[in-house]
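**Q** Got a predicted structure here, sequence first:
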Amino acid sequence: MKKNMMKWLSVCLIAVMLLVLAGCGGSAPQAGGKDTIIIYDGQFSEMWLVHRAVKLLVEEHTDAKVEIREEMAPPNSYSLIVKGDADLMNSYDGTLLTTFLHLDPSDVPEGQSLYDFVNEQGKAEGVRLLDKLGLNNTYVLGVAPAVYEKYKMETVSDLAQVAGELVFGAEHDFFTEEGSAKFNPLTEFYGLNFKEAKQIDIGLKYSAVDSGNIDVTVVYATDGLNRRSNMKTLTDDKGFFPEYNGAILVREALFEEMKDVAPNLEEVLNKLGGLFPSEVMTDLSYAVDVEGQDVNVVIKEFLQEKGLIAK
């Protein structure tokens, strides 16, 4: 009798476990495999704006969700995308070329655009860039207003003539060996022998210029803080820096994985194509960085004005 009872209890226990497992499995995404897009946020306003534009558009025009996680340096976000642990990020064709693929502008075949070339090369890593966003946010060297007034330099070659009297400062990432468009290759290319070179926190860079602690720095062309600081940006007269056309970098497999909840995902993401010319992105960044407006409000109102999301 005890044996029969134990046998009966065992059967019941197994049945209950199967029901629990079935219940747990019932909430998993079906054939497409995913219902949420994972983005690790960037470290400056341009990336914040684009990532939130993606979230607003995707959640308005598809049944998918977008989760924006903590800020992360671009090389780390890229590694997660390649591994399949993240799905997309705001990026640039020049960044994909130099920082992620470790190539140089000289590797781009004559007659082929940098954008098309990196998309071909990115196939091996399972990534590609979607339509260009409209801006060329390349690096430029900026000098403090007082330094410009003293030396009247217009180009990086002009800067090379007086670099020995000046202090250069930039974020830690610019001094790494991750990519060719960095400090050591730049100084060798132009013969820039600064009096001193300082690594500073990216959040303190502009205040260091404003306070006179550094004379020269590297900035993004569309950064609204350039305008606030009256920064003089120098012409890259020998063409050291490649183009940095903004575009969403996406894990190619994402579209198949999201087909059940967002069969039109690529079309929706490409609604951002051409939407951010350099002057527009500068204005939006200025609103966030200088005027202190909430990045979520700024991008939402911008997309509403463009008729891309409902008011």
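**A** That came through fine. Numbering: from 1, shown residues only.

**Q** Quick one: low-confidence residue ranges for the chain.
**A** Residue ranges of the chain with pLDDT under 70: 1-32.

**Q** swap the cut-off to 50 and go again
**A** Applying pLDDT under 50 to the chain flags residues 1-9, 11-31.

**Q** pull the longest strand from it.
**A** Ranked by residue count and defined by DSSP state E, the top strand of the chain is strand 127-136.

**Q** Show me what the very next helix or strand once past that strand is packed against.
**A** With elements assigned by DSSP states H and E, the helix or strand that comes after strand 127-136 is strand 139-143. Applying 3 or more Cβ pairs under 8 Å, 6 or more residues apart in numbering; DSSP states H and E, one finds that strand 139-143 contacts helix 156-162, strand 216-220, strand 232-233. Where C-beta positions appear, they are placed from N, C-alpha and C, glycine not excepted.

**Q** Can you dump the C-alpha atoms of the longest strand of the chain in PDB for me?
**A** C-alpha atoms of strand 127-136 as PDB (Å, rounded to 0.1, in the frame of the first residue of the first chain):
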ATOM      1  CA  VAL A 127      26.800  43.900 -38.400                       C
ATOM      2  CA  ARG A 128      25.900  46.700 -40.700                       C
ATOM      3  CA  LEU A 129      24.900  50.300 -40.800                       C
ATOM      4  CA  LEU A 130      21.400  51.400 -41.700                       C
ATOM      5  CA  ASP A 131      20.700  54.600 -43.600                       C
ATOM      6  CA  LYS A 132      22.800  57.600 -42.900                       C
ATOM      7  CA  LEU A 133      21.300  59.900 -40.300                       C
ATOM      8  CA  GLY A 134      22.400  63.000 -42.200                       C
ATOM      9  CA  LEU A 135      25.300  64.300 -40.100                       C
ATOM     10  CA  ASN A 136      29.100  64.100 -40.400                       C
END
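
**Q** Listing partners with orientation, what would you give for that strand?
**A** Sheet pairing here is set by DSSP bridges, and for strand 127-136 it gives strand 245-251 (antiparallel).

**Q** how far is the partner strand from where the chain is centred?
**A** Computed by Cα atoms, centre = their mean, to the nearest Å, the chain-centroid distance of strand 245-251 equals 8 Å.

**Q** cool, stretch 57-72 as well?
**A** On Cα atoms, centre = their mean, the centre of stretch 57-72 falls 15 Å from that of its chain.

**Q** which residues are in contact with that stretch?
**A** With Cβ atoms under 8 Å, 6 or more residues apart in numbering as the test, stretch 57-72 has contacts from 34-43, 51-52, 54-55, 80, 258, 261-262, 264-265, 268-269, 271-272, 303, 308-310.

**Q** Same question for it: list its buried residues.
**A** By neighbour count with 16 or more other Cβ atoms under 10 Å, stretch 57-72 contains the buried residues Leu57, Val58, Glu59, His61, Thr62, Ala64, Val66, Ile68, Met72.
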